[in-house]
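Chemist: Show me how the following folds:
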Amino acid sequence: MVDKVVKLLKNSTANIPKLLLFNFKELKIDEKELIILIYIMNEESLFNPKKMSEDLNYSLEEILTFVSELTSKDLIKVEVKNIKNVREEHITLDSLYNKLAFLVVKDETEVTNETTLYDIFEKEFGRTLSPIEYEIIKGWEESDFTEELITLALKEAVYNGVFRLNYIDKILFEWKKKNIKTKEDVMKNNQDFISKRKQTKEEVFEYDWLNEN
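Modeler: The predicted model follows:
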């Protein structure tokens with residue numbers, strides 16, 4: 001792997017962004033995939049797997065596997081374009097640049113907050129949030145939902161085995177309609193719901209997840 005990096009560095013026109021070099025593990029990629037990204041960033045957008053194979057000394061099968069993995073991780077996209085009536089495959093890096101930009105935003109946020117709301121979501125979801133998910137959570141904060149209420153809605157979703165922001169959005173919307181603003185309001189709402197179910201003699205399992213350590 002080192003020899004491939006050296007080869008890229010010897011190319012006087014090669015550009016290796018420090019942001020990518022220092023944060024590639026945050027993107028859940030390994031060193032080989034990093035090499036592929038660096039190569040793509042310094043070549044024409046035209047996807048030529050045979051040339052990539054020759055330049056990087058990887059087999060054609062390996063190149064295609066790397067590109068497939070990077071595509072599945074939403075870091076690159078292979079698009080078919082019609083250039084002068086000729087269909088060509090081109091690689092775009094917009095997704096990669098967006099993810100790197102949000103890493104910068106995340107780092108700046110963590111300077112002022114030891115544990116951010118985004119950290120809590122990533123811990124509960126067990127994965128890194130996407131740029132769109134960051135925007136959705138930011139939108140909740142800008143809509144005057146407190147961090148406490150957003151976290152409680154997250155716990156409600158996780159308890160029900162749902163790890164989608166649209167589900168959490170529905171919870172927050174319902175709470176807003178009921179004027180629920182605090183942990184105490186949420187607890188009272190849950191107790192009222194349990195009481196109503198008991199009255200109809202349905203089996204209810206009480207679980208005090210709000211006070212879970």
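Chemist: Doesn't residue 78 belong to a strand?
Modeler: Yes: when classified by DSSP: H, G, I helix; E, B strand; the rest coil, residue 78 is found to be part of a strand.
Chemist: so it touches residue 64, yeah?
Modeler: No: using Cβ atoms under 8 Å, residue 78 makes no contact with residue 64, being 10.4 Å away. From N, CA and C alone the C-beta is placed, and that goes for glycine too.
Chemist: Could you check how far residue 102 is from residue 132?
Modeler: For residue 102, the distance to residue 132 equals 10 Å [Cβ to Cβ, to the nearest Å].
Chemist: between these two, who's got more neighbours?
Modeler: Legend: neighbour count by other Cβ atoms under 10 Å for residue 102 and residue 132, higher for residue 102 (19 against 11).
Chemist: what ranges do the helices span in the chain?
Modeler: Remark: helices assigned in the chain by DSSP state H are 2-10, 18-23, 31-41, 49-56, 60-72, 94-112, 117-125, 131-142, 147-159, 165-177, 183-199.
Chemist: Quick check: phi and psi on the residue most central in space within the chain?
Modeler: In the chain, the C-alpha nearest the mean C-alpha coordinate belongs to residue 130, at 2.4 Å (Cα atoms, centre = their mean). Taking degrees, to the nearest 10, you get phi -80, psi 160 for the backbone angles of residue 130.
Chemist: pLDDT value on it, please?
Modeler: Looking at residue 130, its pLDDT stands at 87.
Chemist: Give me the buried stretch members for stretch 65-79, please.
Modeler: The neighbour-count check on stretch 65-79 (16 or more other Cβ atoms under 10 Å) flags 66-67, 69-70, 75-76 as buried.
Chemist: Could you do stretch 153-169 as well?
Modeler: Neighbour-count burial for stretch 153-169 [16+ other Cβ under 10 Å]: 153-157, 165, 168-169.
Chemist: Dump those into JSON lines; add pLDDT as well.
Modeler: JSON lines is the format used below for the buried residues of stretch 153-169 (pLDDT from 0 to 100):
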{"residue": "153", "pLDDT": "91"}
{"residue": "154", "pLDDT": "92"}
{"residue": "155", "pLDDT": "90"}
{"residue": "156", "pLDDT": "89"}
{"residue": "157", "pLDDT": "90"}
{"residue": "165", "pLDDT": "93"}
{"residue": "168", "pLDDT": "94"}
{"residue": "169", "pLDDT": "93"}
